[in-house]
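Enquirer: One predicted model, sequence on top.
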2 protein chains.
Amino acid sequence: MSANKLLNFVEAITRFLETDPNEELILSHGQTLLAELVASDDWLPDQFARPHPQYYQQYLLYADPLDRLSIVSFVWGPGQKTPVHDHLTWGLVGGLRGREREMTYAKQADGSYRVTGSGILLPGQTTAVSPGIGDVHSVANDLPDQSSISIHVYGRNIGRVHRHVFDEATGAEKPFVSGYASDVVPNLWS
Amino acid sequence: MSANKLLNFVEAITRFLETDPNEELILSHGQTLLAELVASDDWLPDQFARPHPQYYQQYLLYADPLDRLSIVSFVWGPGQKTPVHDHLTWGLVGGLRGREREMTYAKQADGSYRVTGSGILLPGQTTAVSPGIGDVHSVANDLPDQSSISIHVYGRNIGRVHRHVFDEATGAEKPFVSGYASDVVPNLWS
Ligand SMILES: [Fe+3]
Ligand SMILES: [Fe+3]
Ligand SMILES: [Mg+2]
């Protein structure tokens, strides 16, 4: 049933991570698993799909008891976007609803950040970030009139990671701990 | 901080279960870990401590991704009690608030169930059930005027186990799947 799709994904990625794969394998096979999850959009409870009028929302859906994994629903209202930021761990992103635009950045010799790429993420598509393959990006809702939602999977409890947002022009960085939008997560075991 | 006590318990019992202990060790060391958790009553979010006017409530607090463990808050209003029931897996019980009375039962040659013991569970105390040591019991709130709460830990996702309630006098059994009172669980990772 649709209600079990997220639990099935949790079980599959937990078993996969217990084989202690290297990052290259996590980024490839992890995207394969995530692509199965976001191949359908009938499983995310409404409570974890709600946009906020001002801010993009990060709803924790699941986190590992031993801090090896977190799964987050990102919900962007019309016009909302993230600052330029890093993750300091591997991250997988799967489009679930709407349309997102990702900009990737690389640090220049003068300290500023230069755009190195721009891509669209549609429902069912996946992408990845990591310190190894490129960890600095920004994500925007590419739709002017509706929400976009993507499902993110990280190699740590991303809501507690001490990371950074960057000023693109100057490269100035600010410390950043994202937290989560809700103090509850879905009961996948009902 | 108090908000992290449940996550600390989740991590400790997960690491312990990953050593693949036998049931005797689970019942003994598991109770030691659980006793630490229920030694204080400052960590259970109110949303998972609410009695229902008619029915005792079972709030899932955490479940393992590989189905090795579930943690449940049982909340009894005044006068509420469970039927005589089994679990079909090991279970640890720790008193958190109020006062509970547990009756244990053994099946007789004629099929009926006879009371073999009666005990009080106070905050900070722990007890256990299992098919090996005695799996059939009933639990009642022993207070006429306030709620009692205990924290239960089971070796499976207890809300989905196909188990039984019993008629004490005749031994007649009825199938029973408890489910959970809420479709969300606490976010321990904020
Ligand atoms: Fe990001
Ligand atoms: Fe019981
Ligand atoms: Mg494990």
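Expert: Yep, it's here. Ligands and ions are numbered 1, 2, ... in the order given.
Enquirer: beta partners of the nearest residue to residue A:137 once chain neighbours are set aside?
Expert: Leaving aside its sequence neighbours, residue A:137 sits nearest to residue A:104 (C-beta to C-beta, 6 or more residues apart in numbering or on different chains; 4.8 Å). Glycine gets a C-beta too; all of them are placed from N, C-alpha and C. Beta-bridge partners for residue A:104, by DSSP bridges, are residue A:117, residue A:137.
Enquirer: So residue A:104 sits against residue A:127, correct?
Expert: No: look at residue A:104 against residue A:127 with C-beta atoms under 8 Å: they stay out of range, at 9.5 Å.
Enquirer: shared neighbours of these two, anything?
Expert: Common neighbours of residue A:104 and residue A:127 (criterion: C-beta atoms under 8 Å, 6 or more residues apart in numbering or on different chains): residue A:119.
Enquirer: rewinding a little: check contacts around the residue nearest to residue A:137.
Expert: Residue A:104 touches A:115-119, A:134, A:136-137, counting by C-beta under 8 Å, 6+ apart.
Enquirer: now the residues you listed: which count as buried?
Expert: Buried members of those, counted by 16 or more other C-beta atoms under 10 Å in any protein chain shown: A:136-137.
Enquirer: now the contacts of residue A:104 in CSV, with distance to residue B:151 and pLDDT?
Expert: Output for the contacts of residue A:104, formatted as CSV (distance: C-beta to C-beta, whole Å; pLDDT from 0 to 100):
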residue, distance to residue B:151, pLDDT
A:115, 51, 96
A:116, 51, 95
A:117, 49, 95
A:118, 50, 96
A:119, 47, 96
A:134, 44, 94
A:136, 43, 97
A:137, 42, 97
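Enquirer: Tell me the secondary structure at residue A:16.
Expert: helix (DSSP: H, G, I helix; E, B strand; the rest coil).
Enquirer: Check the burial of it by counting its neighbours.
Expert: Neighbour count for residue A:16, taken as other C-beta atoms under 10 Å in any protein chain shown: 17.
Enquirer: repeat for residue A:15
Expert: Residue A:15 has 11 neighbours, counted by other C-beta under 10 Å.
Enquirer: that older thread, could you dump the contacts of residue A:104 into CSV and include distance to residue A:100?
Expert: Shown next, in CSV, are the contacts of residue A:104 (distance: C-beta to C-beta, whole Å):
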residue, distance to residue A:100
A:115, 16
A:116, 17
A:117, 14
A:118, 11
A:119, 9
A:134, 17
A:136, 17
A:137, 11
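Enquirer: and the two most separated of the contacts of residue A:104?
Expert: Spanning the widest gap among the contacts of residue A:104 are A:119 and A:136, at 14.4 Å by C-beta to C-beta.
Enquirer: Who are the contact partners of the residue nearest in space to the middle of chain A?
Expert: Nearest to the mean C-alpha position of chain A, by C-alpha atoms, centre = their mean, lies residue A:152 at 2.9 Å. Listed by C-beta under 8 Å, 6+ apart, the contact partners of residue A:152 are A:71-74, A:91-94, A:158.
Enquirer: Would you list the buried entries among those residues?
Expert: A:71-74, A:91-94, A:158.
Enquirer: List just the nearest of those to residue B:54.
Expert: residue A:73 (33.9 Å).
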